[in-house]
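1. just coords:
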């Protein structure tokens, strides 16, 4: 996977979480993963189509999700509250949206779908050209995981596919 | 949360009335909390572009805060349809997807301004004052130092 596609996600995760939590964020771990994705807790998935295609999963364990939701909402949120899941989706939306903004401004053209809750325990196995990069960020509310599996198509290939059909 | 001088409608001194459109309940609640600190009143919410149009027709709010990426109908298309029927509608796009092409498209189709998520209250406050222009006034009653807009 091209690093220029990944860097905006690292930057936006750092910026959005640091602003929302008002505390520093650091990358704890970064690894390539060829095995099927396994959900860690509450996960939101965003799909991209176009010149860049694939999916990003934003994943946090329940305890971290509750702390993030409470911090961002400014009120105590319980683990059973739907707001916890909503907060995870909205954080994914903000982080991925900011990364998408940066990539578009660099000249990559693609469309982003609204985040959806990823409910299955396991995702499909990634292939050689869509291997996933797993990033773990350490925040004051706990660890946040981003699983990024993206593929870059040349603009000509996208235009050819659009014309064909 | 920071204190802001309440922004009122200059015609009658009443709170500015907002319609908040976002597919995320969490985002709607956060925006509602924010505009209430500006002295505003949330009179309606919608989770997609189609509902936004019908809610605008029903409520005619002073300001619409509109997300872009939403199911059914996206925010830019909804903004265009609202402005076509209500040319004086004040729509502020509030989205995490803020690339230039998107912002230009939103402004060309009738949105008055764009605010990128995560929203900073002080940024949204200035945008609200700008968008209300002569129709709004930031009062000194309540908190902070206010200035007419």
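-> Sure thing, it's come through. These figures come from a predicted structure and were not determined experimentally.
2. how near is residue A:118 to chain B?
-> 16 Å (C-beta to the nearest C-beta, to the nearest Å). Just so you know, the C-beta spots here come from the backbone N, C-alpha and C atoms, and that holds for glycine as well.
3. pretty sure that residue sits against residue A:43.
-> Yes: the pair residue A:118 / residue A:43 is scored as a contact, 3.9 Å apart, by C-beta atoms under 8 Å.
4. which neighbours do the two have in common?
-> A:57, A:59 (C-beta atoms under 8 Å, 6 or more residues apart in numbering or on different chains).
5. higher neighbour count, the two?
-> Using other C-beta atoms under 10 Å in any protein chain shown as the criterion, residue A:118 and residue A:43 rank with residue A:43 on top: 26 against 22.
6. what is the lengthiest strand in chain A packed up against?
-> In terms of residue count, the longest strand belonging to chain A (DSSP state E) is strand A:142-152. Other elements packing on strand A:142-152 under the criterion 3 or more C-beta pairs under 8 Å, 6 or more residues apart in numbering or on different chains; DSSP states H and E are helix A:3-21, strand A:52-60, helix A:62-73, strand A:132-139.
7. average pLDDT across the third one?
-> Summarised as a single mean, pLDDT over helix A:62-73 is 94.
8. quick check, the next helix-or-strand element following that helix touching chain B?
-> Remark: after helix A:62-73, the chain's next helix or strand is helix A:82-105, criterion DSSP states H and E. Yes: contact of helix A:82-105 with chain B (C-beta under 8 Å from any C-beta of the partner chain) involves A:82-83, A:86-87, A:89-90, A:93-98, A:100-102, A:104-105.
9. PyMOL command to pick out the buried ones of these?
-> Buried subset of those, written as a PyMOL selection, criterion 16 or more other C-beta atoms under 10 Å in any protein chain shown:
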select buried, chain A and resi 83+86+87+89+90+93+94+95+96+97+98+100+101+102+104
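10. quick one: low-confidence parts of chain B?
-> B:1-2, B:140-149 (pLDDT under 70).
11. most centrally placed residue in it?
-> Taking C-alpha atoms, centre = their mean, the centroid of chain B lies closest to residue B:65, which sits 2.9 Å from it.
12. touching, that one and residue B:92? I think so.
-> Yes: taking C-beta under 8 Å as the definition, residue B:65 is a contact partner of residue B:92 at 5.4 Å.
13. now the residue in chain A that chain B sits nearest to. Nearest residue, chain neighbours left out?
-> Proximity of chain A to chain B (C-beta to the nearest C-beta) peaks at residue A:97, 2.5 Å away. Nearest residue to residue A:97, sequence neighbours excluded (C-beta to C-beta, 6 or more residues apart in numbering or on different chains): residue B:96, at 2.5 Å.
14. what about that neighbour, neighbour count?
-> For residue B:96, using other C-beta under 10 Å, the count is 27.
15. how much space between it and residue B:134?
-> Distance of residue B:96 to residue B:134, given as C-beta to C-beta, to the nearest Å: 31 Å.
16. kindly report the same for residue A:152.
-> Noted for residue A:152: a distance of 49 Å to residue B:134, by C-beta to C-beta.
17. between the two, which one's more packed in?
-> A count of neighbours by other C-beta under 10 Å puts residue A:152 above the other of residue A:152 and residue B:134, at 16 against 9.
18. so residue B:12, which state does it fall into?
-> coil (DSSP: H, G, I helix; E, B strand; the rest coil).
19. OK, contacts around residue A:89?
-> Residue A:89 neighbours (C-beta under 8 Å, 6+ apart): A:44, A:115, A:116, A:117, B:24, B:26.
20. my guess is the last one meets residue A:94, correct?
-> This means residue B:26. No: in this structure residue B:26 lies outside contact range of residue A:94 using C-beta under 8 Å: 10.5 Å.
21. most proximal residue of chain B with respect to chain A?
-> Evaluated by C-beta to the nearest C-beta, chain B has residue B:96 as its residue closest to chain A, separated by 2.5 Å.
22. got a list of what that residue touches?
-> A:93, A:94, A:95, A:96, A:97, A:98, A:100, A:101, B:69, B:116, B:117, B:118.
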